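> please work out how this folds:
(one chain, ligands or ions: 1)
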Amino acid sequence: MNTLIELKDVNFSYEQRVVLEHIDFKLKEGEFWALIGPNGSGKSTLINIILGLLKPDRGSIKLFGDDIERFRHRELIGYVSQKSNSFNSGFPATVLEVVRSGLTRKKGLFKRFSKHDHEKAITALKVVGMENFARNNIGELSGGQQQRVFIARALAGEPKLLVMDEPTVGIDQQNVASFYSMLNRLNGEHGIAILLVTHEVDIVTELATHVACLNRSIHFHGMQSEFHRMGTEEISKWYGHPVRRVHQYEGGQMND
Ligand SMILES: Nc1ncnc2c1ncn2[C@@H]1O[C@H](COP(=O)(O)OP(=O)(O)OP(=O)(O)O)[C@@H](O)[C@H]1O
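Purely as a prediction, here's the structure:
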């Protein structure tokens, strides 16, 4: 399995304040990682470093085997942020246009879209179950539907890795479940690796193949099954406050 993300001894501070320390992290092809941690633990900062938006003070970062400075295949990484789903009803773009805009990195902003691009966009909409909404205005859709469209936008460029920072913020509980089963399909059937930042520890650590626990440094990095074997006390210690674990089904479920 190829390694898609590899961080070694990464440190980062805002001004004088250290927020990430000695971060080692590795994600391989086909894996589904949940990145969890309390508020302010550095999750978004870590994602921004992986995306090349922030530069670490120290340490090495490799993407798809290349040093981040030399990595030229941004299209291999699709990114969906928590703020994507915030269009209001007057926003003048169709779902199809939003998804096609995911191809601009490859084509340049003012190039015309080919029939092939159109097909790619429709295929991506089918994957997320939104093909019937292609002609709708993006603002007419619910938060959950908009977020699916943003996943489709990220998928249009045919990435091998999808990075998401709390993509379910603002989505109601019922739609969250179907959103996650869609992610499961993307990972299981389409083989797309996923790195997902989440507060929904209970659902996601059941779905993900691997879990990373962050609170300034990495406190756990391993398989989902090992994570679920960890004791409540151990989890509470790094989380910074008591964490209650609810054993509802095999493997256990954790609420925080
Ligand atoms: N631009 C910034 N300048 C200064 N400090 C920042 C900046 N962005 C974040 N921080 C601080 O760095 C720490 C880590 O923030 P970060 O957003 O990475 O955490 P997080 O785990 O994603 O938090 P949350 O779960 O609340 O979204 C926090 O203490 C935050 O206040």
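
> stretch 215-232: how far from the chain's middle?
Here stretch 215-232 is found 18 Å from its chain centre; the criterion is Cα atoms, centre = their mean, to the nearest Å.

> give the rounded mean pLDDT of it.
Mean pLDDT, stretch 215-232: 88.

> also stretch 98-114?
Stretch 98-114 shows an average pLDDT of 70 in the prediction.

> so H241 sits against N39, correct?
No - under the criterion of Cβ atoms under 8 Å, H241 makes no contact with N39, lying 10.6 Å away. Glycine gets a C-beta too; all of them are placed from N, C-alpha and C.

> assumed S178 was part of a helix.
Yes - looking at S178 with DSSP: H, G, I helix; E, B strand; the rest coil, it is inside a helix.

> and the nearest residue to it once chain neighbours are set aside, how far from the ligand?
Take S178 and drop its neighbours on the chain: the residue closest to it by Cβ to Cβ, 6 or more residues apart in numbering is G144, 7.7 Å away. Using Cβ to the nearest ligand atom, to the nearest Å, G144 is found at 20 Å from the ligand.

> same question for E226.
With Cβ to the nearest ligand atom as the criterion, E226 and the ligand are 22 Å apart.

> need phi/psi at that residue.
As for E226, its main-chain torsions (degrees, to the nearest 10) stand at phi -70, psi -40.

> which residues touch it?
F220 (Cβ atoms under 8 Å, 6 or more residues apart in numbering).

> please apply the same query to V211.
Per Cβ under 8 Å, 6+ apart, neighbours of V211: 33-34, 36, 205, 220-224, 227.

> before we move on, back to that, the residue nearest to S178 and V169 touch, don't they?
No - G144 is not in contact with V169 according to Cβ under 8 Å; the separation is 11.1 Å.

> tell me which of the contacts of V211 fall in helices.
205, 224, 227 (DSSP state H).

> for the second one, what are its contacts?
Listed by Cβ under 8 Å, 6+ apart, the contact partners of Q224 are 34, 205-206, 208-211, 251.

> who are the contact partners of I47?
Contacts of I47 by Cβ under 8 Å, 6+ apart are 35, 163, 165, 195, 197.

> what helix or strand does the fourth one sit in?
To tie it back to what came earlier, the one meant is L195. For L195, the host element (DSSP states H and E) is strand 193-197.

> does that strand reach the ligand?
No - Strand 193-197 lies apart from the ligand when judged by Cβ under 6 Å from any ligand atom; the minimum separation is 6.7 Å.

> starting from that strand, tell me which strands it pairs with and how they run.
Here strand 193-197 has these sheet partners by DSSP bridges: strand 32-36 (parallel), strand 161-165 (parallel).

> contact partners of that strand?
In contact with strand 193-197 (Cβ under 8 Å, 6+ apart) are residues 4-5, 27-36, 43-44, 47, 50, 160-167, 183, 186-187, 204, 208.

> elements contacting the helix or strand that contains the residue nearest to S178?
Counting by DSSP H and E, the element that carries G144 is helix 143-156. Applying 3 or more Cβ pairs under 8 Å, 6 or more residues apart in numbering; DSSP states H and E, we find helix 143-156 packed against strand 77-80, helix 95-100, helix 115-127, strand 161-165, helix 173-188.

> lowest average confidence across the ones you listed, which one?
Among those, helix 173-188 carries the lowest mean pLDDT (a mean of 85).

> pull out the buried positions in that helix.
Using 16 or more other Cβ atoms under 10 Å as the test for burial, helix 173-188 gives 175-176, 179-180, 182-183, 186-187.

> roughly how far out does that helix sit from the chain middle?
Distance of helix 173-188 from its chain centroid, counting by Cα atoms, centre = their mean, is 13 Å.

> dump the residue contacts of the residue nearest to S178.
85, 171-172, 175-176, 178-179.

> at 10 Å instead, please
Contacts of G144 were listed using Cβ atoms under 10 Å, 6 or more residues apart in numbering, and they are 85, 167-168, 170-172, 174-176, 178-179.
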